[in-house]
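Chemist: mind folding the following:
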Amino acid sequence: MRGRPSFRTAVAAATAALLCGGALSGCTSAEPAPKAATTRPTPAPAPSREPLWDVSPASVAAVGDSVTRAFDACDVLADCPEVSWATGTDADVNSLALRLLGPAKVATRSWNLARTGARMAELPEQMAAAAAEKPALVTVMMGANDACRPTPELMTPVADFRASFAAALARLRKGAPKAQVYVASVPDLKHLWSTGRLIPEGLEVWKLGICGSMLADATDLGPAAERRRATVHERVVAYNTALRDVCAQDARCRYDGGAVFGFRFDAGQLSPWDWFHPSKDGQARLAELAYRRITKE
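Modeler: Just a heads-up that it's a prediction; the model follows:
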């Protein structure tokens, strides 16, 4: 019938009315309603972190053995801590503590807790003593005596060496959790042999029994002697690997990267009394190596 909307048209109109009836707006225009803007929260600024390594620590505690006590550097068979590479006061050596603290503070802000003859098994006890001082930096030079035994068979096993060093760091962290640690590598004892064996005075002193595992029969170049020296050399390399690996697990520990092991001491940097320990000049070279590593950004 003309003039009457079809049934389909009526249904469409009714449906549109129902849909628009449930809406607050948007049915009067053919354009879709704009989407509500999404507001993202502004991220909070990251908290500033305290740097894990301070290149200018305000106090220094030194642990280790006769090298850090500067044994035989000033007089025969005597410690001479005033020329120690770590905490000495001698201006010619210019120790690590002198470089970091200045002469006015060395006496009150540095401590030399090393002991001549010490081996790695003693380091946890020394570290506990260092932690009691609450130092900003602890220097570690230990391990030569573990390799310098009367015979290679008496050298400290690598596993024991590693365990003692890990225990020492744990003792330090218990008492001084934020203290930084500089770890020097064990010196290359085979290089020391190759240098000192050319010095007649040194050969005579070595016969008294200094570091027998490496220095005994210093002029013997036979296969057995060479194997013995190679065994000691390999043990020193293994000790340095243990120092590196354990240190790497502590965010506030820096290994020297093998700098002391790689340093080529000459005769003038060895004690004129035993041709084994560093002389004053040798102590100065150790201080320089340490300072360079510790102050690297």
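Chemist: quick one: pLDDT of the residue most central in space within the chain?
Modeler: Among the residues of the chain, the smallest C-alpha distance to the mean C-alpha position (C-alpha atoms, centre = their mean) belongs to Arg254, namely 2.2 Å. Looking at Arg254, its pLDDT stands at 98.
Chemist: now Ala166. Nearest residue, chain neighbours left out?
Modeler: Nearest-residue entry for Ala166: Val246, 5.1 Å, with adjacent residues in sequence omitted and distances by C-beta to C-beta, 6 or more residues apart in numbering. Bear in mind the C-beta positions are built from the backbone N, C-alpha and C, glycine included.
Chemist: so which helix or strand takes in the one you found?
Modeler: Element membership of Val246 [criterion: DSSP states H and E] is helix 223-248.
Chemist: make sure Arg254 is indeed in a strand.
Modeler: Yes: according to DSSP: H, G, I helix; E, B strand; the rest coil, the state of Arg254 is that of a strand.
Chemist: for Ala170, see how far away it is.
Modeler: Taking C-beta to C-beta, to the nearest Å as the criterion, Arg254 is separated from Ala170 by 18 Å.
Chemist: could you do Ala248 as well?
Modeler: Taking C-beta to C-beta as the criterion, Ala248 is separated from Ala170 by 15 Å.
Chemist: could you do Val60 as well?
Modeler: Between Val60 and Ala170 the distance is 21 Å, computed by C-beta to C-beta.
Chemist: so which of these two has more stuff around it?
Modeler: The residue with more neighbours, out of Val60 and Ala170, is Val60; 31 against 12, by other C-beta atoms under 10 Å.
Chemist: my guess is the more buried one contacts Asn112. True?
Modeler: No: because the distance of 9.2 Å does not satisfy C-beta atoms under 8 Å, Val60 is recorded as not touching Asn112.
Chemist: packing partners for the host helix or strand of Ala130?
Modeler: Secondary structure from DSSP H and E places Ala130 in helix 123-132. Using 3 or more C-beta pairs under 8 Å, 6 or more residues apart in numbering; DSSP states H and E as the contact criterion, the elements in contact with helix 123-132 are strand 60-64, strand 137-141, helix 158-175.
Chemist: let's go with 6 Å and repeat that
Modeler: Identification of packing neighbours for helix 123-132 by 3 or more C-beta pairs under 6 Å, 6 or more residues apart in numbering; DSSP states H and E yields strand 60-64, helix 158-175.
Chemist: and the angle from that helix to strand 137-141?
Modeler: Using axes from the mean of the first three to the mean of the last three C-alpha atoms, to 10 degrees, the inter-axis angle of helix 123-132 relative to strand 137-141 is 160 degrees.
Chemist: can you list the weak-confidence ranges in the stretch 1-150 of the chain?
Modeler: In the predicted model, the stretch 1-150 of the chain carries pLDDT under 70 at residues 1-51.
Chemist: quick one: contacts for the residue nearest to the centre of the chain?
Modeler: Tyr182 (C-beta atoms under 6 Å, 6 or more residues apart in numbering).
Chemist: how close does it sit to Pro124?
Modeler: Taking C-beta to C-beta as the measure, Arg254 and Pro124 are separated by 20 Å.
Chemist: do Asp217 as well
Modeler: In this structure, Asp217 and Pro124 are 35 Å apart, going by C-beta to C-beta.
Chemist: neighbour count for those two, which is higher?
Modeler: Using other C-beta under 10 Å as the criterion, Asp217 and Pro124 rank with Pro124 on top: 19 against 14.
Chemist: pretty sure that one contacts Ala167?
Modeler: Yes: Pro124 lies in contact with Ala167 (C-beta atoms under 6 Å); the separation is 4.7 Å.
Chemist: where exactly do the helices run in the chain?
Modeler: For the chain, applying DSSP state H gives helices covering 7-21, 96-101, 103-109, 123-132, 144-147, 158-175, 189-196, 200-206, 212-215, 223-248, 259-262, 280-294.
Chemist: can I get the CA coordinates of the second one in PDB?
Modeler: The C-alpha trace of helix 96-101 is given here as PDB (Å, rounded to 0.1, in the frame of the first residue of the first chain):
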ATOM      1  CA  LEU A  96      99.400   4.100  48.100                       C
ATOM      2  CA  ALA A  97      98.200   5.600  51.400                       C
ATOM      3  CA  LEU A  98     100.500   8.700  50.900                       C
ATOM      4  CA  ARG A  99      99.000   9.200  47.400                       C
ATOM      5  CA  LEU A 100      95.400   8.800  48.500                       C
ATOM      6  CA  LEU A 101      95.400  10.500  51.900                       C
END
